[in-house]
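Engineer: output the structure for:
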Amino acid sequence: MSNPSTDIQRFSTLKGLGYEFRRGDLLRLALTHRSCGNPNNERLEFLGDGVLNMVVAELLFHARPDVPEGDLSRLRARIVRERTLAEVARSLQLGDHVLLGPGELKSGGFLRDSILADALEAVIGAVFLDGGFDAARELVERLMTARIQALPDAEALKDPKTRLQELLQARAFKLPEYQVIDESGADHDRTFTVVCRVEILDEPIQATSTSRRKAEQAAAQRAIETISHRESE
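Structural biologist: The predicted model follows:
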């Protein structure tokens with residue numbers, strides 16, 4: 001890694017951030033992972049998370065005027081999730097500037113989604129303290145507007161188990177039942193086989209995956225496809 005002060009100077013003017021820090025100590029703190037000891041960016045991360053959620057909620061409120069509260073929450077969750085934040089951080093080359101302890105540095109922590117997402121939230125919190133809410137809001141809007149505009153309909157973001165449940169409720173059928181029928185493999189490499197029983201189907205639907213939750217979701221998706229195919233015949 002390069003010299004920390006050089007990293008901070010480069011990041012403060014990095015294309016895409018669109019913000020010049022007046023207090024370099026805030027930016028340095030935002031980029032300091034807990035593996036470096038105290039002080040670190042965890043408190044700024046907490047602050048930035050709150051700012052991010054509020055601004056994204058406002059942007060969605062105006063962008064989707066006819067969408068109910070539950071769907072707005074689902075859309076916001078897609079924007080503020082770790083994976084999306086890490087993608088934004090990578091677009092800013094944030095991993096080149098995060099300050100890590102020797103262990104995290106050696107293990108490639110600057111590539112990890114969780115570290116990148118936390119650092120981005122901390123930077124948002126630092127901008128809030130350095131320039132106020134308007135500056136932080138403008139930053140979030142620059143970083144997230146295109147992603148918000150690219151979001152699919154909220155219905156498409158529902159997980160298969162939720163969609164299957166709603167499908168059955170709309171047809172006045174009983175809710176599906178899930179059962180693990182097999183677990184195999186070592187503790188670090190287990191697989192789960194699940195069956196999903198649906199009143200409308202003659203045979204249970206089976207799926208296998210690396211966790212019970214994933215297996216249940218896969219079985220629910222197959223059940224939806226089976227029902228859709230049957231109804232289209």
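
Engineer: do you know the pLDDT at residue 25?
Structural biologist: Note for residue 25: predicted pLDDT of 88.

Engineer: show the contacting residues for it.
Structural biologist: By CB atoms under 8 Å, 6 or more residues apart in numbering, the contact list for residue 25 is empty. In this view, the C-beta of every residue, glycine as well, is placed from N, C-alpha and C.

Engineer: now do the SS call for it.
Structural biologist: Of the three states, residue 25 takes helix under DSSP: H, G, I helix; E, B strand; the rest coil.

Engineer: please enumerate the strands of this protein.
Structural biologist: Under the criterion DSSP state E, the chain contains strands at 177-184, 191-197, 205-209.

Engineer: kindly state the domain boundaries assigned to this protein.
Structural biologist: Structural domains annotated on the chain: 4-152, 160-232, as defined by automatic domain parsing.

Engineer: tell me which of the ones you listed sits most buried.
Structural biologist: Highest mean neighbour count of the domains of the chain: domain 4-152, a mean of 17 (counted as mean count of other CB atoms under 10 Å).

Engineer: below-threshold pLDDT in this protein: ranges please.
Structural biologist: Residues of the chain that meet the criterion pLDDT under 70 lie in 1-16, 156-157, 233.

Engineer: center of it, which residue is that?
Structural biologist: residue 81 (1.6 Å; CA atoms, centre = their mean).

Engineer: any idea what residue 184 is bridged to?
Structural biologist: Legend: beta-bridge partners of residue 184 under DSSP bridges are residue 191.

Engineer: for it, give its distance to residue 205.
Structural biologist: Between residue 184 and residue 205 the computed distance is 19 Å (CB to CB, to the nearest Å).

Engineer: same deal with residue 211?
Structural biologist: 17 Å.

Engineer: list the contacts of residue 46.
Structural biologist: Here residue 46 is in contact with residue 125 (criterion: CB under 8 Å, 6+ apart).

Engineer: roughly how far apart are it and residue 118?
Structural biologist: Taking CB to CB, one finds residue 46 at 10 Å from residue 118.

Engineer: residue 44 reaches residue 30, doesn't it?
Structural biologist: Yes. At 5.1 Å, residue 44 and residue 30 qualify as touching, with contact defined as CB atoms under 8 Å.

Engineer: which neighbours do those two share?
Structural biologist: Contacts common to residue 44 and residue 30, judged by CB under 8 Å, 6+ apart, are 122-123, 125-126.

Engineer: and the furthest pair within those?
Structural biologist: Pairwise distances across the shared contacts of residue 44 and residue 30 (CB to CB) peak at 7.2 Å, for the pair 123 and 125.

Engineer: joint contacts of these two?
Structural biologist: Counting by CB under 8 Å, 6+ apart, the residues touching both residue 123 and residue 125 are 30, 44, 48.

Engineer: OK, contacts around the first one?
Structural biologist: With contacts taken as CB under 8 Å, 6+ apart, residue 30 has the following neighbours: 41, 44, 48, 119, 122-123, 125-126.

Engineer: among the residues you listed, which are in helices?
Structural biologist: Under the assignment DSSP state H, the contacts of residue 30 contribute 44, 48, 119, 122-123, 125-126 to helices.

Engineer: relative to residue 200, which of the residues you listed is nearest.
Structural biologist: Of all the ones in helices among the contacts of residue 30, residue 48 has the smallest distance to residue 200: 46.3 Å, by CB to CB.

Engineer: separation between that closest one and residue 21?
Structural biologist: Per CB to CB, residue 48 is found 14 Å from residue 21.

Engineer: please identify every residue contacting each of the two.
Structural biologist: Joint contacts of residue 48 and residue 21 (CB under 8 Å, 6+ apart) are residue 126.
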